[in-house]
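K.L.:
Sequence plus the predicted model coming up.
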Amino acid sequence: MTMVDAQAPAISIRERYLDVVSDRWPVTVVPQADELLSSWLHRLAHANGVAPRAFARVLRRNSRMWSPALDFRLPSDIAKLLSANTGIAPDELAAMMLPHALPRQLLLPLRTSGHRTDSTWLQFCSYCLAEDAQPYFRRRWRLATRVSCSNHSCRLRDRCPSCQSCIAVFDQADLVPQHYCARCGYDLRRAPRIGISPAARQLDRCIDDICRLEGMKDTPSSRSLIRRLLNTHEGIYSRPNLTDLSTGARARCIAYAAKHEDDWLTVGDETAAAQWRRLILAAGSHRTLIERFADCLAKRRELRELQVKTIVQPKPVDVAALLEAYGRVMERGRRRRSNA
Ligand SMILES: [Zn+2]
Ligand SMILES: [Zn+2]
């Protein structure tokens, strides 16, 4: 009988090393809610130890704004490469792109420099970034019609508060997370809050709700809505489009509209969509409107139930008592017949 040495390591036959190690990049990064494809690409690069500028070479991209360009169009060879190396399905990649659910005409143009009243390509909320476990940029921050954060009731920013540069993560040569300014290294999560009036915030929210409901439909009414939105700045700034203006300038236009113009999104439009716009604007948000409808339906249901209860129900028939009464009548008749 052989003695087993308690100190000896247990040896067993396992899978071959090559079968265990996959061809994928070492770290998989899961897309987050409403994350922009470019934001996910920057996080993916950083997690795998590659700075975004060098990651452009991995994907064989040579334009400066390589990742924001991929938000619009993802060539099939890159989609296949990303999918094969990350395990993220092609439809999940496509869901992070801009043509899904956002009207293209309302997106901020891909621009990295300009006057301080000019737009930049991306906005952010420093409080959202600070709360994220993995700070990321949202797709709705690409919209020119969005100037505030509904979660934190503050105005969005479009520039680094320290050096006034736009977000340029695509150009980051160092291995740092994307919430650090690519120009000066400022931590964007520390950017102080910029206030926005409650009326402007509410209008901003309503516009976002209306765009969600109508923006992607190719109907005369939604085309007219987009034209109206692109002219929000009319009479205030002399730029061709709302999308040309900085977040600060657009927030001033929204604040002006909230104070002085209550029908600029609906006047002269009698379609059902315009009626919905009126209702949303009057309620303050689509959610409030739906809650009011739900309340109204619940009250009507309660009323109906009350009416049903108050109707006097006939007493249920007591079959035993009925049979007993029948028996008594028959018995009386039988007696009468026998007496006769
Ligand atoms: Zn926020
Ligand atoms: Zn900076």
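P.N.:
Done, it's in. Model, not experiment: these values are computed from the prediction. Ligands and ions are numbered 1, 2, ... in the order given.
K.L.:
isn't C206 right up against G284?
P.N.:
Yes: counting by CB atoms under 8 Å, C206 does reach G284; the two are 6.9 Å apart. Just so you know, the C-beta spots here come from the backbone N, C-alpha and C atoms, and that holds for glycine as well.
K.L.:
higher neighbour count, these two?
P.N.:
Neighbours were counted for C206 and for G284 using other CB atoms under 10 Å; C206 has more, 22 against 16.
K.L.:
what about the more buried one, helix or strand, and which?
P.N.:
Using DSSP states H and E, the element containing C206 is helix 198-214.
K.L.:
Can you tell me what sits against that helix?
P.N.:
With CB atoms under 8 Å, 6 or more residues apart in numbering as the test, helix 198-214 has contacts from 101, 103, 106, 140, 143, 145-148, 150, 153, 196, 221-222, 225, 229, 251, 254-255, 257-259, 265, 273, 276-277, 280-281, 284-287.
K.L.:
What ranges does the stretch 101-250 of the chain have for its helices?
P.N.:
Remark: helices assigned in the stretch 101-250 of the chain by DSSP state H, counting those that start in this stretch are 126-131, 198-214, 220-230, 247-260.
K.L.:
Kindly reformat the ones you listed as CSV containing distance to E35 and mean pLDDT.
P.N.:
As requested, the helices of the stretch 101-250 of the chain are exported to CSV (distance: least, CB to CB, whole Å; pLDDT from 0 to 100):
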stretch, distance to E35, mean pLDDT
helix 126-131, 12, 98
helix 198-214, 17, 90
helix 220-230, 24, 88
helix 247-260, 20, 93
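K.L.:
Can you say which of these is nearest to ligand 2?
P.N.:
Closest to ligand 2 of the helices of the stretch 101-250 of the chain, according to CB to the ion: helix 126-131, at 12.7 Å.
K.L.:
Is ligand 1 within reach of the closest one?
P.N.:
Yes: using CB under 5 Å from the ion, helix 126-131 reaches ligand 1 at Y127, C128.
K.L.:
So for that helix, what gets flagged as buried?
P.N.:
Within helix 126-131, the residues scored as buried using 16 or more other CB atoms under 10 Å are S126, Y127, C128, L129.
K.L.:
The first one against D187, yeah?
P.N.:
When you say that, I think you mean S126. No: contact criterion CB under 8 Å: S126 and D187 do not qualify, at 9.0 Å.
K.L.:
and the end-to-end length of stretch 119-137?
P.N.:
One end of stretch 119-137 sits 17 Å from the other (CA to CA, to the nearest Å).
K.L.:
for ligand 2, what are the nearby residues on the stretch 151-300 of the chain?
P.N.:
Checking the stretch 151-300 of the chain against ligand 2 by CB under 5 Å from the ion, the hits are C160, S162, C163, S165, C181, R183, C184, Y186.
K.L.:
Quick one: residues contacting the closest residue to the last one other than its chain neighbours.
P.N.:
Nearest-residue entry for Y186: S162, 3.8 Å, with adjacent residues in sequence omitted and distances by CB to CB, 6 or more residues apart in numbering. Residues in contact with S162, defined by CB under 8 Å, 6+ apart, are C181, C184, Y186.
K.L.:
Quick check: which of these are also close to ligand 1?
P.N.:
Within the contacts of S162, nothing lies near ligand 1 by CB under 5 Å from the ion.
K.L.:
Of all residues in the stretch 151-300 of the chain, which one is closest to ligand 1?
P.N.:
Per CB to the ion, H152 is where the stretch 151-300 of the chain lies closest to ligand 1, at 3.6 Å.
K.L.:
From ligand 2, how far off is that residue?
P.N.:
Distance from H152 to ligand 2, counting by CB to the ion, to the nearest Å: 21 Å.
K.L.:
Correct me if wrong: that residue contacts A130.
P.N.:
No: with contact taken as CB under 8 Å, H152 and A130 are classed as non-touching, separated by 9.5 Å.
K.L.:
Quick one: name the residues of the stretch 151-300 of the chain near ligand 1.
P.N.:
N151, H152.
K.L.:
Extract the residue ranges of the chain that are flagged as low pLDDT.
P.N.:
1-22, 100, 215, 310-317, 319, 322, 333-334, 336-340 (pLDDT under 70).
K.L.:
so where's the longest helix in this protein?
P.N.:
helix 286-310 (DSSP state H).
K.L.:
Now do the contacts for L143.
P.N.:
Neighbour list for L143: L102, L106, L107, L108, D208, C211 [criterion: CB under 8 Å, 6+ apart].
K.L.:
between the residues you listed, which has the most around it?
P.N.:
L108 (26 neighbours).
K.L.:
separation between that one and T120?
P.N.:
7 Å (CB to CB, to the nearest Å).
K.L.:
can you check V267 too?
P.N.:
Note on V267: its distance to T120, by CB to CB, is 32 Å.
K.L.:
that older thread, out of the contacts of S162, which are inside strands?
P.N.:
Within those, no residue falls in strands by DSSP state E.
K.L.:
Just among the residues you listed, which is most surrounded?
P.N.:
Top of the contacts of S162 by neighbour count (other CB under 10 Å): C181, with 24 neighbours.
K.L.:
Nearest spatial neighbour of it, chain-adjacent residues omitted?
P.N.:
C181 sits nearest to C160 (CB to CB, 6+ apart), 4.1 Å away.
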